[in-house]
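**Student:** this one's structure only:
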DNA sequence: AGTAAGATCCAC
DNA sequence: TGGATCTTACTT
């Protein structure tokens, strides 16, 4: 049971076989629990983005790592739903996606922000912020995909492909996804930091819990910024 | 082999 | 607003 009285249950593989665009909003209010190096974190998911792949769904997704087909990097995105695709962003940040969509097609939901509801101290240590946590420091623990990855402790290469449905241990880490009912107050808009038309309202594939303080501040993607400047 | 850009964050 | 930091993928 969560704060708002929502009942959560372990995610089943079948919950995640749908297209990322359909699964993404269902992950809002869900929780990701991790146990990494003996430290347990529970994260309430507040902001996500859907990514498809070549040939996934009716619309090809020019903003996806899988837009050109299977590669060594994006292999996890083409595999069994329920695993986590963990990739390195800008050489620094490990970002976490829940793989979904039918097996053999590419798809994932990027976890962009969340609220740490258990293990705040461990998350703060990993993030390098001192205790006691101020209100804003607590809010910022997992606000943005890079911070989120660091807070939950999942790291590129080591934990890419870990199974969040069966909870199998991988390189000292365990991850589990817990789902609840679909929330009522969900907003949608352009994805953040995505270049080209994929980052514009042509792809309103970012979803967040309306009004939640842990949702990351909106920043124009390169393509969207260019589009906005062009009269 | 070389290079440019990237689903970001933080300090200046 | 720019630098960090390194991997990937595309170009020569």
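**Tutor:** Sure thing, it's come through. Just so you know, these numbers come straight off a predicted model, no measurement behind them.
**Student:** what does chain A put close to DNA strand B?
**Tutor:** A:49, A:51, A:63-66, A:74, A:77, A:85, A:87-93, A:95, A:97, A:108, A:110, A:127, A:140, A:144-148, A:191-195, A:216, A:222 (Cβ under 7 Å from any atom of the strand). Bear in mind the C-beta positions are built from the backbone N, C-alpha and C, glycine included.
**Student:** Of these, which belong to strands?
**Tutor:** Residues of the residues of chain A next to DNA strand B located in strands (DSSP state E): A:49, A:51, A:85, A:87-89, A:93, A:95, A:97, A:108, A:110.
**Student:** Who are the contact partners of residue A:208?
**Tutor:** Contacts for residue A:208 (Cβ atoms under 8 Å, 6 or more residues apart in numbering) come out as A:28, A:46-48, A:112-113, A:186-187, A:215.
**Student:** Bridge partners for it, pull those for me.
**Tutor:** Note on residue A:208: beta-bridge partners by DSSP bridges are residue A:47, residue A:187.
**Student:** Residues of chain A that sit close to DNA strand C?
**Tutor:** So chain A meets DNA strand C at A:65, A:68, A:71-74, A:88, A:90-92 (Cβ under 7 Å from any atom of the strand).
**Student:** pLDDT below threshold where in chain A?
**Tutor:** Counting by pLDDT under 70, chain A shows low-confidence ranges at A:1-5, A:59, A:221-231.
**Student:** all helices for chain A, in order.
**Tutor:** A:20-23, A:120-127, A:135-140, A:145-152, A:222-229 (DSSP state H).
**Student:** ok, how many other residues are close to the residue in chain A that DNA strand C sits nearest to?
**Tutor:** Using Cβ to the nearest atom of the strand, the single residue of chain A nearest to DNA strand C is residue A:91, 2.7 Å away. Residue crowding around residue A:91 was assessed by other Cβ atoms under 10 Å; the count is 6.
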